[in-house]
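Asks: the amino acid sequence is not available; the structure is as follows:
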């Protein structure tokens, strides 16, 4: 088996799911490292080098907002879903649930019968 092909396809498969995973954890404000830890505790490994560009993109798309907390000795940038982000997250979550159930059925051989 070609490992590079598998790795490429696996990365492609994960890309969209990582966005949904990040959005799901931004109901409450999180800073980058806390977000990585939350995801890892739930079985989703994500490098900070992947997370920060994703957070910047989500902010540019107005799905998340950010603010600096300078009360600690080390300033931290916190991210949280915007109202628009909450709406889009709800839609994406519903789409994910529908699509994953359809795919699950296909992979288990429970989809509609094939055409003759």
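Replies: Alright, I've got the coordinates. Being a predicted model, the structure only gives us computed values, none of them experimental.
Asks: what residues of the helix or strand hosting residue 15 count as buried?
Replies: Using DSSP states H and E, residue 15 sits in helix 3-24. Buried residues in helix 3-24, defined by neighbour count with 16 or more other C-beta atoms under 10 Å: 18-19, 21-24. The way it works is simple: take the backbone N, C-alpha and C, and place the C-beta from them, glycine included.
Asks: and the helix or strand that residue 105 is a member of, average pLDDT?
Replies: Assigned by DSSP H and E, residue 105 belongs to helix 83-107. For helix 83-107, mean pLDDT is 96.
Asks: how about stretch 40-53?
Replies: Stretch 40-53 shows a mean pLDDT of 93 in the predicted model.
Asks: who touches that stretch?
Replies: If you take C-beta atoms under 8 Å, 6 or more residues apart in numbering as the criterion, stretch 40-53 is touched by 18, 21-22, 32-33, 35-36, 39.
Asks: which of these sits closest to residue 83?
Replies: Taking C-beta to C-beta as the measure, residue 83 lies nearest residue 22 of the contacts of stretch 40-53, at 17.4 Å.
Asks: relative to residue 48, how far out is the closest residue to the closest one other than its chain neighbours?
Replies: Leaving aside its sequence neighbours, residue 22 sits nearest to residue 54 (C-beta to C-beta, 6 or more residues apart in numbering; 6.1 Å). Distance, residue 54 to residue 48, by C-beta to C-beta, to the nearest Å: 10 Å.
Asks: list the buried residues for stretch 87-95?
Replies: For stretch 87-95, the neighbour count (16+ other C-beta under 10 Å) marks 88-89, 92 as buried.
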